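Q: Below is the sequence, then the predicted model.
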Amino acid sequence: MSLPVVDIAPFLADAEGPAGRRFVDELREHLHGVGFVYLSGHGVDPELDRRLLNVGEQFFALPEQDRRAIAIENSAAFRGYTVLGDERTGGRADWRDQLDYGPEQTAPPVGHDGPAWLRLRGPNQWPRGVPELAEVALDWLQAVHGVGVAVMQALAVGLGQPADRFTTGFVPDHDLHVKIIRYPARPSADGDQGVGLHHDSGVATFILQNEVSGLQVLVDGEMVTAEPIPGTYVLNLGAMMQTATNGYLRATPHRVVSPAKGPDRLSVALFFNPTFESTFEAVELPASLAAAATPDHTDLNGDTIRMLFGENNLKVRLRSHPDVARRHYADVVDPPPAG
């Protein structure tokens with residue numbers, strides 16, 4: 001069993017033409033069924049993909065003390081380096097390390113009276129030892145942002161909505177978040193959790209992979225490996241799209257298995273996040289689609305999906321990074337007594 005491949009090029013060339021409409025229908029059907037696709041024809045320069053993986057390799061080759069100098073613990077915006085084993089999924093440590101970044105933003109002032117999720121905005125931390133990483137990483141973010149907007153337009157049309165139904169939280173502003181992730185060979189045969197089984201919390205995710213496999217998707221009770229296909233991104237949806245469509249579109253559980261030996265797996269995951277102020281209200285589906293919807297408004301931990309994106313995103317981040325939570329969100333995870 002393998003995941004379907006869909007070509008977005010005809011939609012980018014002529015969204016109203018017959019080939020563009022076929023893409024719309026194929027994308028909707030696959031994200032209703034399997035919930036994952038390979039996206040080809042996206043138009044991002046393959047040289048930019050290659051350069052991003054290359055600077056990622058250079059970053060992970062730095063001495064550990066240089067990587068730890070930009071530890072994610074320093075950042076209330078959850079940006080910076082996470083050491084092996086410090087992020088958790090399903091309550092268990094993941095065997096990966098990573099560099100998180102997003103658009104360059106200004107952090108809210110200390111002591112602001114707004115919601116806690118505003119602290120998710122802030123500056124990036126970049127390593128001194130790989131000076132070109134910032135430029136390449138931000139260029140790639142911007143390039144894939146354009147692809148994501150097109151995918152959101154196609155999904156809206158496929159669901160019988162105006163083309164801009166889902167794009168208001170992404171244009172002109174957004175809160176995209178990217179992880180450059182390394183999965184080294186597992187240290188023992190006792191476990192293989194690169195990332196534990198989960199589904200993404202937001203709207204959509206685009207994944208760039210090197211040649212080492214490991215991403216697995218739960219399809220009809222079986223784990224299907226998403227083998228790397230050059231020139232494609234793996235695309236899946238998050239829980240907010242599942243909830244907004246009353247379960248018609250799927251946030252499919254998936255995991256990453258650490259390589260048993262050999263070269264590291266390197267991937268880049270772009271979480272296509274709207275502005276934190278965005279809410280994804282329920283979509284009134286055409287009757288034919290509504291009949292095929294299966295309501296599901298909880299994540300794999302049994303928590304209700306919040307439709308205000310900032311609240312939903314912060315909840316997941318605090319659970320995954322207890323070190324950042326303790327340092328920057330003590331008032332949220334351990335609030336002072338009332339009165």
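A: Yep, it's here. Numbering: from 1, shown residues only.
Q: Next, count neighbours for Gly17.
A: 12 (other CB atoms under 10 Å). C-beta here means a position set from N, CA and C on the backbone, and glycine is covered the same way.
Q: swap in Pro263?
A: 12.
Q: in terms of contact, does Asp45 touch Gln142 like I think?
A: No - counting by CB atoms under 8 Å, Asp45 stays clear of Gln142, with 11.8 Å between them.
Q: ok, now which ones touch Val268?
A: By CB atoms under 8 Å, 6 or more residues apart in numbering, the contact list for Val268 reads 52-53, 56, 140, 178-181, 207-208.
Q: One more: Thr89?
A: Residues near Thr89 by CB under 8 Å, 6+ apart: 193, 195-198, 320.
Q: Not counting sequence-adjacent ones, nearest residue to it?
A: Leaving aside its chain neighbours, Thr89 sits nearest to Gly196 (3.5 Å; criterion: CB to CB, 6 or more residues apart in numbering).
Q: residues in contact with the host helix or strand of Gly310?
A: Using DSSP states H and E, Gly310 maps to helix 309-320. With contacts defined as CB under 8 Å, 6+ apart, helix 309-320 is touched by 78, 87-89, 115-118, 120, 169, 175, 201-203, 239-240, 273-280, 301, 303, 305-306, 324-325, 329, 332-333.
Q: quick check, distance from the helix or strand following that helix to the centre of its chain.
A: Once helix 309-320 ends, the next helix or strand along the chain (criterion: DSSP H and E) is helix 322-328. Per CA atoms, centre = their mean, to the nearest Å, the displacement of helix 322-328 from the mean C-alpha position of its chain is 21 Å.
Q: Could you list every helix and strand in contact with the following helix or strand past helix 322-328?
A: Later in the chain than helix 322-328, the nearest helix or strand by DSSP H and E is helix 330-333. Where contact means 3 or more CB pairs under 8 Å, 6 or more residues apart in numbering; DSSP states H and E, helix 330-333 is packed against helix 309-320, helix 322-328.
Q: between the ones you listed, which one is nearest to Ala226?
A: helix 309-320 (21.7 Å; CB to CB).
Q: got the buried residues for the closest one?
A: By neighbour count on 16 or more other CB atoms under 10 Å, the buried set for helix 309-320 is 309-310, 312-320.
Q: Repeat that for stretch 83-93.
A: 83-84, 86-89.
Q: so which of those residues comes closest to Asp220?
A: Out of those, the member with the shortest distance to Asp220 (by CB to CB) is Thr89, at 22.4 Å.
Q: Around the residue nearest to Thr89, how many other residues sit close by?
A: Around Gly196 there are 17 residues (other CB under 10 Å).
Q: Quick one: name whatever helix or strand follows the host helix or strand of it.
A: Secondary structure assignment for Gly196, by DSSP H and E: strand 193-198. Per DSSP H and E, the first helix or strand lying C-terminal to strand 193-198 is strand 204-209.
Q: And the helices in the stretch 1-150 of the chain, which stretches?
A: 9-13, 18-33, 46-60, 64-68, 133-158 (DSSP state H, counting those that start in this stretch).
Q: How about the longest one, which residues are buried there?
A: What that stands for is helix 133-158. Quick answer for helix 133-158 (16+ other CB under 10 Å): 133-134, 136-138, 140-141, 143-145, 147-158.
Q: between it and helix 46-60, what angle do the directions make?
A: Inter-element angle recorded for helix 133-158 and helix 46-60: 130 degrees (by axes from the mean of the first three to the mean of the last three CA atoms, to 10 degrees).
Q: residues contacting the residue sitting nearest the centre point of the chain?
A: Geometric centre of the chain, nearest residue: Phe271, 2.7 Å, by CA atoms, centre = their mean. Applying CB under 8 Å, 6+ apart to Phe271 gives the contacts 176-179, 200, 202, 204-205, 238.
Q: Count the neighbours of the nearest residue to Arg326 once chain neighbours are set aside for me.
A: If the residues on either side of it in the chain are set aside, Arg326 comes closest to Val333, at 7.1 Å by CB to CB, 6+ apart. Counted with other CB under 10 Å, the neighbours of Val333 add up to 13.
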